[in-house]
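*Asks:* next comes the sequence, and after it the predicted model I'd like to discuss.
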Amino acid sequence: MSLVGDFLTRWRAYRKPGYIYGDEFDGARRDYDEFDYAWTMTIDLDRCTGCEACVTACQAENNIPIVGATAFAKGRQMQWIRIERYWEGEYPNAKLGFIPMLCQHCDAAPCETVCPVSATYHNQDGLNAQVYNRCIGTRSCAVYCPYEVRYFNYNNPVWDAPLAEQLNPDVTVREKGVMEKCTFCIQRIRQAKDHAKDDGRRRVRDGEVQPACVQTCPAEALIFGDRKDPESRVSISMNDPRAYRVLEELNTDPSVIYLKKVDDNAG
Amino acid sequence: MQAEDPNISYADVNRDIVRSLVETGPKYYVTLAIAFGLTLACFFFPWFYQLNYGLGAAGVNHPSVWGTYLASFIFWIGLSHSGTLLSCVLHITNSPWRKAMYRSAEAMTLFSLMVAATMVMVHLGRPWFIHWAVPYPNQMELWPNFRSPLLFDVMAITTYLTGSSIFIYMGTIPDFAAVRDRTTGWRRHMYVLLSLGWRGTDTEWHRLGWAYTFLAVLIIPLAVSVHSIVSWDFALSLVPAMHQTIFAPYFVVGAIYSGTAGIVTVMFMLRKYMNFGKYITKLHFDNLGKLLLVLSLIWTYINILELFTGWYSGTSTEYEALTYKLFGYYAPLYWEMILFCAVAPLLLISTRFRTSFVPMLILSIAINIGMYTERFLIIGTSLSRQYLPDAWGLYVPSLVEITILVGSLAMFVTLFMVFIKIFPSVSIYEVKETLPEPEDGVAEWQPTQ
Amino acid sequence: MATNAVGLFHAPATALAAAGELKGAGFASLSLISPVPIKGVEAVLGKKKSVIKRFTFVGAISGGLFGFALAAGTAVLYLHPTGGRPIITIPPFLIITYEMTILFGILATVLGFFISARFPAMRERVYVPEAAVDKFAVTVLCEDDARFRRAETILRDAGAEEVRKLTQEGS
């Protein structure tokens, strides 16, 4: 191939988002939907009871620091997944609604573009990854995130005596000055991919990997899977007519899909 | 414009300005010691505490992750915007009233930029890795993310700092040479090096004139781009009340506005304490006052526009952010800002006000307090009221943050005080240019054909 | 060793007139040393051309190219897809290009100034300290003593307050 032609092919390839593997400079469209996987979570708000079991499970799985009462009062609590509580109506007819809010793993994530050191980026799985070692703590990603799901380590984390014994060895402990957020339990995804590779499979099977919150949810409100697989549970559930995405008008293209609560008493 | 005082001779200019460099009273040392002590006590000491303890020392919290450090950063960058920019514009448009004040105005640019750069370090969670934001080849083969508005900032501020320090240095070379001949000892050695062997030949003047003009032409668009880029740190986010197209011009106008007010303050101080009354006159205050008036009107217009777009947008988030700004927790600050930056400057419409020194000083300080508030409100109110009501919050600066703000001011004063003893703070040769040329009564030379 | 006649004048107009006389008398290597830039030098000593603008132009253009190459090249070296944007993202990279254009333009202008005005001076050159205050000096390079005496006469006739003989290089 001529030098100019080669350059043009490369140019066209680099004018698309996503990864380009090896010598695959075919100029074919490889946009951000074409990462290896498209991990997706659906949250059925009809099933959510607001029990916060997911919050606790996440805390245990991901070594999320327990900030203590003082920092909590200052608004520095860390919950990679949190249950947002909304009241509707006035007292006798008041209704309570829950929305579990976690990193939406947006495909057009505003937090990724703003990081000056590329500490947050889209990895090969199509996940919004956070590289703790690279983070310099500008906190701009937290400002740019409209879902407010990025949490900053204002101080070095401290675990009281017995708690330090239960830290998950698969997950790094973050130091002060570093941003962190939900990873869709990337350590479990990596493990599942390793198993798949050991078994000689190219892809992870549906249901083989579950983040801690999904595993724990007693009401099975959360479903996790690869939406590239049309047969997967998550693909089926996201086609539900109740499906919607939070703040969809911002065009962030989130990977977390909510199924609206059906209100029998409405209208 | 002709000389302020026709009785000043060329030799007087040299004498007065060299005296300002070499004759130092005890008052100067006391002020310098206080400023330096404050810098150590209020800037470096709290910062070391914060480095040790973590950013928890500041008042920032979950929705409001940015705080006064960033507000101070914008404030100092803004203050830097009048010096070099104004000097360049006035150089290109050939306004002679620039000549007595531009050197100190440019110094203000330089030092406020330096303070702004340190504010970034204070703002970061892990400032010891700040070099990762600089593009340099490294063993990780990892480069910064050039798509990030924060990296535009890194590039723009580096360029601006380089450009404005070169600009002020180039303009001072002839003055270094003039001072070199008048000083002795270590000062002479320093000025010999700084003046690069300037003699003042016709060729040297010619080259300096061209180079200086080219630099001025390059720096004007640069300065405008710097504050536009700073505004994009905010405008490129999705935060309601920050995600606005008006932000770039809004910031540039705000920057020039606060910078011009800063120049008025500095001019007053130089006039009062450095005995530059002969060179910095009512005329300068009058002209700066007119400029401030125009800028305040533009600034007010953009503020009204911001309110209108917020109201007209019709989206609940924009509307909520707007109401919160006007009537929420920070409302007193908002109305204070309106009073200081939009209402009070209307006094400048009177010539008597513009030409009285003390009222101008008070107004210029009030404007800068108002402009600091503006930067604080942009961050404070917008971040506390974002999309999800569950994540609404409140931000109140901590003691460490307030102390560091005071310390940054002291650092600026320290740097400026060191500057006035090294750089001739009024340009010797350009002031001479405004004086009448010495004459012998000889007719102008005509080339023989 | 070069000999220079240096005449000191009180007023720029007189100094310019003296320079004009010297030029008329066949002295080629002339220059004026003054505390402020004198208006009308070019009418007497001939038009000056400076190469600085070429430096600025070339610097700015190469800065722009460097800026884009830096942003696009480093993006390609280590792929980090962010926010669903292409790897080579034009609008943000143009801002980097813009800033680098100006940075390199400024640096090249300084280089051009140093080269064209021959800075920094490594050797002592003809200099009159009074010319940094309020005197206007005309320096002229003289090949021999006869020429020096001729130059001195012209300078004195033109109204020089003082004529000095300096032997440094350069004028």
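*Replies:* Everything's here; your move.

*Asks:* contact partners for the one residue sitting closest to the centre of chain C?
*Replies:* Centroid-nearest residue in chain C: residue C:117, 3.2 Å away (criterion: CA atoms, centre = their mean). Contacts here follow CB atoms under 8 Å, 6 or more residues apart in numbering or on different chains; on that basis residue C:117 touches B:203-204, B:207-208. In this view, the C-beta of every residue, glycine as well, is placed from N, C-alpha and C.

*Asks:* helices of chain C, start to end?
*Replies:* Here chain C has its helices, by DSSP state H, at C:12-24, C:41-45, C:52-77, C:90-116, C:145-157.

*Asks:* say whether chain B is contacted by the longest one.
*Replies:* Yes. Residues of helix C:90-116 are located near chain B by CB under 8 Å from any CB of the partner chain, namely C:92-93, C:95-96, C:98-100, C:102-103, C:105-107, C:109-110, C:112-113, C:116.

*Asks:* mean neighbour count added to the helices of chain C, as a markdown table?
*Replies:* A markdown table is the format used below for the helices of chain C (neighbours: other CB atoms under 10 Å in any protein chain shown):
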| stretch | mean neighbour count |
| --- | --- |
| helix C:12-24 | 23 |
| helix C:41-45 | 18 |
| helix C:52-77 | 19 |
| helix C:90-116 | 21 |
| helix C:145-157 | 17 |
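
*Asks:* mind checking pLDDT for residue C:49?
*Replies:* Residue C:49 carries a pLDDT value of 82.

*Asks:* how about residue A:183?
*Replies:* Here the pLDDT value assigned to residue A:183 is 93.

*Asks:* for residue A:259, same thing?
*Replies:* 94.

*Asks:* interface residues of chain C facing chain A?
*Replies:* C:72, C:75-76, C:79-88.

*Asks:* and the gap between the closest residue to residue C:144 other than its chain neighbours and chain B?
*Replies:* Among residues not flanking residue C:144 along the chain, residue C:3 sits closest, at 7.6 Å (CB to CB, 6 or more residues apart in numbering or on different chains). According to CB to the nearest CB, to the nearest Å, residue C:3 and chain B sit 18 Å apart.

*Asks:* for residue C:3, grab the count of nearby residues.
*Replies:* By other CB atoms under 10 Å in any protein chain shown, 16 other residues sit near residue C:3.

*Asks:* tell me where the model's unsure across chain A.
*Replies:* A:1-2, A:20-34, A:265-267 (pLDDT under 70).

*Asks:* ok so, going back, lowest-confidence stretch among the helices of chain C?
*Replies:* Across the helices of chain C, the lowest-scoring stretch is helix C:41-45, with a mean of 80.

*Asks:* that helix and chain B, are they touching?
*Replies:* Yes. Using CB under 8 Å from any CB, helix C:41-45 reaches chain B at C:41, C:43-45.

*Asks:* from those residues, pick the one nearest residue A:197.
*Replies:* Nearest to residue A:197 among these: residue C:41, at 80.1 Å, using CB to CB.

*Asks:* how about the closest one, nearest residue that isn't a chain neighbour?
*Replies:* residue B:202 (4.6 Å).

*Asks:* which ones are touching that neighbour?
*Replies:* Contacts of residue B:202 by CB under 8 Å, 6+ apart are C:31-34, C:37-38, C:41, C:45, C:48.

*Asks:* show the contacting residues for the residue of the stretch 51-200 of chain A at minimum distance from chain B.
*Replies:* The nearest approach of the stretch 51-200 of chain A to chain B comes at residue A:137, 1.8 Å away (CB to the nearest CB). When contacts are counted by CB under 8 Å, 6+ apart, residue A:137 touches A:152, A:177-179, B:55, B:124-127.

*Asks:* does residue B:66 count as helix, strand or coil?
*Replies:* coil (DSSP: H, G, I helix; E, B strand; the rest coil).

*Asks:* residue B:9: how many residues sit nearby?
*Replies:* Neighbours around residue B:9, by other CB under 10 Å: 15.

*Asks:* ok, now which ones touch it?
*Replies:* B:435, C:134 are the contacts of residue B:9 under CB under 8 Å, 6+ apart.

*Asks:* the helix ranked longest in chain B to helix C:12-24, inter-axis angle?
*Replies:* When chain B is parsed with DSSP H, its longest helix is helix B:202-235. For helix B:202-235 against helix C:12-24, the angle between stretch directions is 120 degrees (axes from the mean of the first three to the mean of the last three CA atoms, to 10 degrees).

*Asks:* what pLDDT, on average, does the following helix or strand past helix B:202-235 get?
*Replies:* Note on helix B:202-235: by DSSP states H and E, the next helix or strand toward the C-terminus is helix B:247-273. Regarding helix B:247-273, the rounded mean pLDDT is 91.

*Asks:* do stretch B:167-177 as well
*Replies:* Stretch B:167-177 shows an average pLDDT of 91 in the prediction.

*Asks:* could you dump the helices of chain C to JSON lines with distance to residue B:186?
*Replies:* Below are the helices of chain C laid out as JSON lines (distance: least, CB to CB, whole Å):
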{"stretch": "helix C:12-24", "distance to residue B:186": "34"}
{"stretch": "helix C:41-45", "distance to residue B:186": "36"}
{"stretch": "helix C:52-77", "distance to residue B:186": "33"}
{"stretch": "helix C:90-116", "distance to residue B:186": "25"}
{"stretch": "helix C:145-157", "distance to residue B:186": "37"}
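
*Asks:* ignoring the adjacent residues along the chain, who's closest to the closest residue to chain B within chain C?
*Replies:* Residue of chain C nearest chain B, by CB to the nearest CB: residue C:121 (2.6 Å). Leaving aside its sequence neighbours, residue C:121 sits nearest to residue B:197 (CB to CB, 6+ apart; 2.6 Å).

*Asks:* help me confirm that residue A:83 is found in a strand?
*Replies:* Yes. Assessed with three-state DSSP, residue A:83 lies in a strand.

*Asks:* break chain C into its domains for me.
*Replies:* Domains of chain C are assigned by automatic domain parsing as C:2-35+C:134-168, C:52-116.

*Asks:* what about stretch B:222-233 and chain C, touching?
*Replies:* Yes. Under the criterion of CB under 8 Å from any CB, chain C is reached by stretch B:222-233 at B:222, B:225, B:229.

*Asks:* mark which of these are buried, thanks.
*Replies:* Among these, the ones that count as buried by 16 or more other CB atoms under 10 Å in any protein chain shown are B:222, B:225, B:229.

*Asks:* list the contacts for the spatially most central residue of chain B?
*Replies:* Nearest to the mean C-alpha position of chain B, counting by CA atoms, centre = their mean, stands residue B:80 at 1.9 Å. When contacts are counted by CB under 8 Å, 6+ apart, residue B:80 touches B:108-110, B:112-113, B:116, B:160, B:164, B:255, B:259.

*Asks:* mind putting those residues into a markdown table with secondary structure, distance to residue A:147 and neighbour count?
*Replies:* Shown next, in a markdown table, are the contacts of residue B:80 (DSSP: H, G, I helix; E, B strand; the rest coil; distance: CB to CB, whole Å; neighbours: other CB atoms under 10 Å in any protein chain shown):
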| residue | secondary structure | distance to residue A:147 | neighbour count |
| --- | --- | --- | --- |
| B:108 | helix | 41 | 25 |
| B:109 | helix | 40 | 31 |
| B:110 | helix | 41 | 23 |
| B:112 | helix | 36 | 26 |
| B:113 | helix | 35 | 22 |
| B:116 | helix | 31 | 24 |
| B:160 | helix | 35 | 30 |
| B:164 | helix | 40 | 27 |
| B:255 | helix | 32 | 28 |
| B:259 | helix | 37 | 29 |
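
*Asks:* thank you, goodbye.
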